[in-house]
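Enquirer: I'll drop the sequence and a predicted model, then ask my questions.
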Amino acid sequence: MAGEGKILREAREKLGWSYKDVEDQIKIRVRYLEALEEEQYELLPGTAYTRGFLRTYSKHLGLNSENIIDAFNSSFQKEAVPETHPPLTPIQSTPVWFKPIVLVVMGLFAVAIVIGITYLSGMNEKPLVSDYKPAPLPTAPQPQTVPPQNETTPPPPVKEQPPVVYQGIVAELTFKQDCWLKVRVDGVIVEDGMNAAGTTKTLQGTKKIEFLSIGNAGGVQLKLNGKEIPPLGTSGQVIWNYVVTPETIQNL
């Protein structure tokens, strides 16, 4: 490892902050903070989340986040060991020793083949008589005559679909990439976990929908009461405390 975890730990201890203090301020769980400082990145949800957490944590500690990300990238590339395969071992061929008994068996087998061919040739000379009679072909159906329509009769009117009426606040989420999400609806936590790419989710509230954390802002598409809003961030970026109220819907 490049030592970025040690830099984070020393900066936090210098500020006199505990893991719980940092969790309350930037909403990254204690076990993830410990994994970042120990450089145990396999305990985190994925590479995109790891970079986002490193960037957020280092900025909060007053460090240069780009240096921390560069150190992580260099160590991450060094750990990618090319896969090796053992050399193939040639298969030793085993010589076949022919004995006189083998030659005798092969000769008898050849005689049996000749007798069989002669027998089958005699059977083919006899004509085969069959009582099979082909079934008559089906008669093609007669085309039905369609009475001409009155050209003066107007086509029936097309019924227009009534617009969708939303009750309260309706948030429709489409996940284009894996995305960690924590959401509170009307004061109750309803979502706290990973959402896989290709899935959708609908949240409905009356007074307020709070997106406490979005782990991959560029990986989720959001609609509010049927209106699509611009992306909240880029791929891998972590967004905190995005709040939707009835006033937010009115201003769309």
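Expert: It's in. Everything numeric in this text was worked out from a predicted model, so none of it was measured. Residues are numbered from 1 along each chain as shown.

Enquirer: hey, let's count contacts and neighbours off CA atoms from now on
Expert: OK.

Enquirer: which residues touch F109?
Expert: F109 makes contact with no residue, according to CA atoms under 8 Å, 6 or more residues apart in numbering.

Enquirer: show me where the stretch 51-200 of the chain has helices.
Expert: 65-78, 100-124 (DSSP state H, counting those that start in this stretch).

Enquirer: which one of those has the lowest average pLDDT?
Expert: Between these, the lowest average pLDDT goes to helix 100-124, which shows a mean of 63.

Enquirer: pLDDT below threshold where in this structure?
Expert: 1-2, 76-105, 111, 114-156, 158 (pLDDT under 70).

Enquirer: report how many residues lie close to the residue lying closest to I249 once chain neighbours are set aside.
Expert: Once flanking residues are discounted, I249 sits nearest to L224: 6.9 Å by CA to CA, 6 or more residues apart in numbering. Counted with other CA atoms under 10 Å, the burial measure for L224 works out to 20 neighbours.

Enquirer: pretty sure L224 contacts Y166?
Expert: No: here L224 does not reach Y166: they are 9.7 Å apart, not a contact under CA atoms under 8 Å.

Enquirer: what sits against the residue nearest to I249?
Expert: With contact set as CA under 8 Å, 6+ apart, L224 has these partners: I169, V170, A171, E172, I249.

Enquirer: among those, which lie within strands?
Expert: Secondary-structure check on the contacts of L224 using DSSP state E: residues within strands are I169, V170, A171, E172.

Enquirer: got the residues you listed as JSON lines, with distance to L43 columns?
Expert: Compiled in JSON lines, the ones in strands among the contacts of L224 are given as follows (distance: CA to CA, whole Å):
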{"residue": "I169", "distance to L43": "35"}
{"residue": "V170", "distance to L43": "34"}
{"residue": "A171", "distance to L43": "31"}
{"residue": "E172", "distance to L43": "30"}
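
Enquirer: determine which two of the residues you listed are furthest apart.
Expert: Across the ones in strands among the contacts of L224, no pair lies farther apart than I169 and E172, at 10.0 Å, counting by CA to CA.

Enquirer: about what we covered before: which single one of the ones in strands among the contacts of L224 is nearest to Q204?
Expert: Closest to Q204 out of the ones in strands among the contacts of L224 is V170 (4.5 Å), distances taken as CA to CA.

Enquirer: wait, isn't the closest one in contact with K208?
Expert: No: the criterion here is CA under 8 Å, and V170 misses it with K208 at 10.2 Å.

Enquirer: for the chain, just list every one of the strands.
Expert: If you assign secondary structure with DSSP E, the strands in the chain sit at 169-175, 179-185, 188-195, 200-205, 209-214, 220-224, 227-228, 239-244.

Enquirer: re earlier: among I169 and E172, which residue is more densely surrounded?
Expert: With neighbours defined as other CA under 10 Å, I169 and E172 compare such that I169 has more, 21 against 18.

Enquirer: tell me the contacts of the more buried one?
Expert: Q204, G205, T206, K207, K208, I209, L224, N225, V244, T245, P246, I249.

Enquirer: among these, who's most crowded?
Expert: Within the contacts of I169, neighbour counts (other CA under 10 Å) peak at I209, which reaches 25 neighbours.

Enquirer: surely that one is in contact with E247?
Expert: No: taking CA under 8 Å as the contact criterion, I209 and E247 are not neighbours in contact, 11.9 Å apart.

Enquirer: beta partners of C179?
Expert: With beta bridges defined as DSSP bridges, C179 has these partners: N195.

Enquirer: these two touch, right, it and S213?
Expert: No: C179 sits out of contact with S213 when judged by CA under 8 Å, with a separation of 10.2 Å.
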